[in-house]
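>>> need coordinates for the below:
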Amino acid sequence: MTRKTVIGLLAFTLLAGWGAWKLAFRSSAAVVGRPWLAELAGGRFLPQGLRIDFQERYWEEQDSAASASPLGLPRLAVVEQGWGGPEDWGTWALGERTKLRFFMRFPQPYEFFIECMAAVQGGPQTVTVSFDGEELGVLTVATAWEKHRLPIPETLLSPGSHTVELAYGYHLDGIPGHDDRPLALAIKRVGLLEPEQEWPVELPGAGVALSEEQEALVFTASGSYLVALELPVSAAAFDFDLRAAVGSGSAAREMALKIAAITWDGREENLLTVVPETANGRSAHHSLALRRYRGRRIFLVVDVKLPPGSRFEIRQPRLVAGAPPARPLTSPGPRSEPARSELPHIVIIILDAARADHFGVYGYERDTTPHIDRFAAEALVFRNVTAECSYTLCSMPNLLTGLSFVQHGLVAKRLRLRERVRTLAETLAEAGYLTLGYTGNPNNSRGTGTAQGFDEFSEIWETHPGEITRRLRRRLAAGIGERPLFLELHYVPPHEPYAPDREFDLFGDSDYSGQVTSDREFARAVYTREIELDPTDLAELVSLYDGNLRMADAAVGQVFAALRDAGLWDDALVVVSSDHGEAFMEHGRVGHNTTIYEEMMRVPLVVKLPAGRSAEGIDTERLRSLGDLVPTILGLAGVEPPEEVRFPDLLAPASPTEPERAIFLRSSQPERTIFGVRTPRWKAIARRGEAGELYDLVADPRESTNRIAERPLLHAGLLLLLDQAMAAPSPLRAGVREEELSQDDQRMLRALGYVN
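Sure thing, here's the model as predicted:
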């Protein structure tokens, strides 16, 4: 994206914000339809076809390194395979062939365009260009920058996903000391252009503008405009006037407009198609029925096909209200406030890096969690729970404050939770609870700010669970007085080092004699891929992890016994969960905080209710987040959550009209942060400068098939939600630490592999 385009987009955003402020006063008036321009003006425009300037990608990445908005504009073009990273001059195509994929909403005549150069040391290069498997031609590329074009038969151009493949006559060894991957072709730009069209000096700008004077959205380029909307339960129709202006030398038949709705489960429905015969320069009124979407969140997509100099204008958009639905949305009634003597005890037990599918209660074949499995027989087992972050520092604030990471902002070690953030312990302490905390991980500590609100907080820097358990048992045996108890326990295992006591090392091969050990240095070398594992090595590593989990389970069993001995068990809400999962090469990585695939994100959540509390009507299959624990626990205590908490109560009965959910995801690997958005069905993933990913978790729970090429607008829409949330101001986001980490904290972080 050029700097000029960025400035234009900023201006557009500011104008949209001003329009929202202005329209807030108009919307209270008695009108047939509520003015809807401000809501529609908050979207993103995605240019039609395939057009990638690798130089622009390089500068965009450099300019946005410190940007508050992590993702930038989504694209419909996917750099699929065989490509190097963006350089200031372009990029290298690598290996024998490279692929590009793009999505076309409106077919139109195109030619394939490429500006490229062969490597000087290799001489002229031959490039065979194919479009959806059909060969377009063979190019001979010289050792100087030059442009090439090939016509694409119109029979190959249709709505949907398309693949362009470049196959090379030779490839060279990589550049020693820089990049040892095979080099095939240097490329500046690649794309599809209309016949006789030259590559523009600048890439297309926003493609849509806001006209306050005419109260209109004005579309000036071919592409798709995408906006996320939450419709009120009274929504009945979307009314607007559409005006088409045909450019000189063009014909109305070359223009088209389509409006569609995409629901968060991925279903797309066409609402309007303006065929060429009606795009004749006159204004026409349209009313699109929205009743089936009322009370729901949707992505509205406006697809436009425009020749140069033409435009479409959506004028005076209105949201028209209708009769309320037969079963209107209702909010839960006021919370009943239990007497202090009736307040339940609350116990949260966190097993660090415990992935859900290694627990017996979640179907694991090994007997890793016998105590928790027996506990689950009298508890609720939530089957579809995700962490927001694949690392402790970011995930625990979500669990302990009920804030998403885009709100609390505790994403890096140099930061600390702000004192103005209200933790669960602070709120419960004000409600009369005795608050006790025990942690073995410095990423959940006084230093990070997550200890706010505890009467007693013990930092026990031991990777073995024994010392935390011993101290807790002594504390409970001493008595807790008359106050109800809030207890948080954060154990290190099954997190590495994978060093189970001998009695728990039950799952390995007694004849194994490979390289796997239990020490931290080995685990770190595996995480950083300095050591490669063969299948027997990987099996041994998993067995040690499972032994660690069995050791953690034994500690949990002792906690259960201590609670019973203290007379606290029956009246307690007891939660067993984790801060994130752990990977074992499902997607090429071991450990955590390097991806946001399910093996690192899906966590257990087993909840025993206090005596007398009914579990009737609680849906344990719905998508849940660790942040849901705060409103749930406070609800049982009869306390309203802080107003910033937007997560739902786990124990609230399911409502068929509840709006769809989107949970934001994040990793913080050193080389590049990964962001994602998770809905009940879909997961969208974005890494800046790399191809995006989209997975249908219902049909493909192992995340093996990337669906972005088939559903690019759904992927773009989901990431638009995160982009907008990250760009919004938040006074609660973490601030920079004023103090250095203590030597004990650094020692423990080193033992856990977080610092060198």
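>>> quickly list the domain ranges of this protein.
3-46+204-321, 76-193, 343-653+660-751 (automatic domain parsing).
>>> point me to the helix or strand that includes the residue nearest to residue 283 when sequence neighbours are not counted.
Among residues not flanking residue 283 along the chain, residue 243 sits closest, at 4.4 Å (CB to CB, 6 or more residues apart in numbering). (C-beta placed from N, C-alpha, C; glycine too.) In the assignment (DSSP states H and E), residue 243 maps to strand 235-245.
>>> which strands and helices sit next to that strand?
Strand 235-245 is packed against strand 268-274, strand 283-289, strand 311-321, with contacts defined by 3 or more CB pairs under 8 Å, 6 or more residues apart in numbering; DSSP states H and E.
>>> quick check: the residue nearest to residue 283 touching residue 285?
No - using CB atoms under 8 Å, residue 243 makes no contact with residue 285, being 10.6 Å away.
>>> what about these two, which has more around it?
residue 243 (17 against 10; other CB atoms under 10 Å).
>>> so the more buried one bridges to which residues?
Note on residue 243: beta-bridge partners residue 283, residue 313, judged by DSSP bridges.
>>> contact partners for it?
281-284, 312-313, 315 (CB atoms under 8 Å, 6 or more residues apart in numbering).
>>> check residue 695 too.
682-683, 685, 703, 705-707.
>>> quick one, strands of the stretch 201-350 of the chain?
208-211, 216-219, 223-230, 235-245, 256-263, 268-274, 283-289, 297-305, 311-321, 345-351 (DSSP state E, counting those that start in this stretch).
>>> can you tell me which of those strands the model trusts least?
Looking at these, the lowest mean pLDDT belongs to strand 208-211 (a mean of 88).
>>> and residue 357, that's in a helix?
Yes - in this structure, residue 357 lies within a helix as judged by DSSP: H, G, I helix; E, B strand; the rest coil.
>>> once you drop chain neighbours, what's closest to it?
With CB to CB, 6+ apart, the residue lying closest to residue 357 is residue 364, at 6.1 Å.
>>> just say helix, strand or coil for that neighbour.
Secondary structure for residue 364, judged by three-state DSSP, is coil.
>>> contacts only, for the nearest residue to residue 737 once chain neighbours are set aside.
Leaving aside its sequence neighbours, residue 737 sits nearest to residue 416 (CB to CB, 6+ apart; 4.6 Å). Counting by CB under 8 Å, 6+ apart, residue 416 touches 410, 447-449, 734-738.
>>> helices along the protein, start to end?
3-26, 37-40, 54-63, 370-376, 392-401, 405-408, 424-430, 466-477, 520-527, 535-565, 598-601, 629-636, 712-727, 743-751 (DSSP state H).
>>> for the closest residue to residue 527 other than its chain neighbours, the count of nearby residues, please.
Spatial nearest neighbour of residue 527, excluding adjacent residues (CB to CB, 6+ apart): residue 591 at 4.2 Å. For residue 591, the neighbour count with other CB under 10 Å is 20.
>>> what's near enough to touch residue 591?
496, 523, 526-527, 582-583, 753.
>>> same thing with residue 435?
425, 428-429, 453-456, 486.
>>> could you do residue 266 as well?
Applying CB under 8 Å, 6+ apart, we find residue 266 in contact with 681-682, 696, 711, 714.
>>> related to what we said a few turns ago, pick the most deeply packed of the helices of the chain.
When you average the neighbours per residue for each of those (mean count of other CB atoms under 10 Å), helix 392-401 leads with a mean of 28.
>>> kindly export it (C-alpha atoms) in PDB.
The C-alpha trace of helix 392-401 is given here as PDB (Å, rounded to 0.1, in the frame of the first residue of the first chain):
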ATOM      1  CA  THR A 392       0.800 -17.600  29.600                       C
ATOM      2  CA  LEU A 393       1.600 -13.900  29.800                       C
ATOM      3  CA  CYS A 394      -1.300 -13.000  27.500                       C
ATOM      4  CA  SER A 395      -3.700 -15.800  28.400                       C
ATOM      5  CA  MET A 396      -3.800 -15.500  32.200                       C
ATOM      6  CA  PRO A 397      -5.000 -11.800  32.200                       C
ATOM      7  CA  ASN A 398      -7.900 -12.900  30.000                       C
ATOM      8  CA  LEU A 399      -8.900 -15.600  32.500                       C
ATOM      9  CA  LEU A 400      -8.400 -13.400  35.600                       C
ATOM     10  CA  THR A 401      -9.900 -10.100  34.300                       C
END
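>>> and it, how far out from the chain middle?
16 Å (CA atoms, centre = their mean, to the nearest Å).
>>> cool, and stretch 264-271?
With CA atoms, centre = their mean, you get 20 Å for stretch 264-271.
>>> what do you get for stretch 699-714?
14 Å.
>>> likewise stretch 389-402?
That offset, for stretch 389-402, works out to 14 Å (CA atoms, centre = their mean).
>>> then stretch 257-264?
For stretch 257-264, the distance to the chain centre is 22 Å (CA atoms, centre = their mean).
>>> quick check, pLDDT for the residue nearest to residue 527.
Confidence score, pLDDT, at residue 591: 90.
>>> mind checking how far it is from residue 524?
Separation of residue 591 from residue 524 (CB to CB, to the nearest Å): 9 Å.
>>> cool, and residue 742?
Shown here: residue 742 relative to residue 524, a distance of 22 Å by CB to CB.
>>> do the same with residue 426
Separation of residue 426 from residue 524 (CB to CB) stands at 36 Å.
>>> same check on residue 90?
Taking CB to CB, one finds residue 90 at 36 Å from residue 524.
>>> just residue 354 next, same as before
Applying CB to CB to residue 354 and residue 524 gives a distance of 20 Å.
>>> center of this structure - which residue?
By CA atoms, centre = their mean, the chain has its centre lying nearest to residue 676, at 1.7 Å.
>>> where does pLDDT dip in the stretch 1-150 of the chain?
The stretch 1-150 of the chain contains residues with pLDDT under 70 at 1-32, 60-75.
>>> and for the nearest residue to residue 742 once chain neighbours are set aside, the neighbour number?
Once flanking residues are discounted, residue 742 sits nearest to residue 447: 7.2 Å by CB to CB, 6+ apart. Residue 447 sits with 20 neighbouring residues when counted by other CB under 10 Å.
>>> for the one 3 residues further on, same thing?
Counted with other CB under 10 Å, the neighbours of residue 450 add up to 31.
>>> that one contacts residue 398, correct?
No - if you go by CB under 8 Å, residue 450 and residue 398 don't touch, sitting 10.4 Å apart.
>>> thinking again about what came up before, what's the farthest-apart pair in the contacts of residue 266?
Spanning the widest gap among the contacts of residue 266 are 681 and 711, at 11.0 Å by CB to CB.
>>> hmm, residue 386 is touching residue 663, no?
Yes - look at residue 386 against residue 663 with CB under 8 Å: they come within range, at 5.9 Å.
>>> joint contacts of the two?
Common contacts of residue 386 and residue 663 (CB under 8 Å, 6+ apart): 623, 625, 678.
>>> what's the closest non-adjacent residue to the first one?
Excluding the flanking residues, the one nearest residue 623 by CB to CB, 6+ apart is residue 680, at 4.5 Å.
>>> the second one now?
Taking CB to CB, 6+ apart as the measure, residue 625 lies nearest to residue 663, with 5.0 Å between them; neighbours along the chain are not counted.
>>> mind listing the residues bridging to that neighbour?
Beta-bridge partners of residue 663, as defined by DSSP bridges: residue 678.
>>> so what's the residue count around it?
Residue 663 has 23 neighbours, counted by other CB under 10 Å.
>>> contact partners for it?
Under the criterion of CB under 8 Å, 6+ apart, the neighbours of residue 663 are 386, 388, 404, 623, 625, 677-679.
>>> closest to residue 209 among those?
Nearest member of the contacts of residue 663 to residue 209, counting by CB to CB, is residue 677, at 27.6 Å.
>>> alright, calling it a day.
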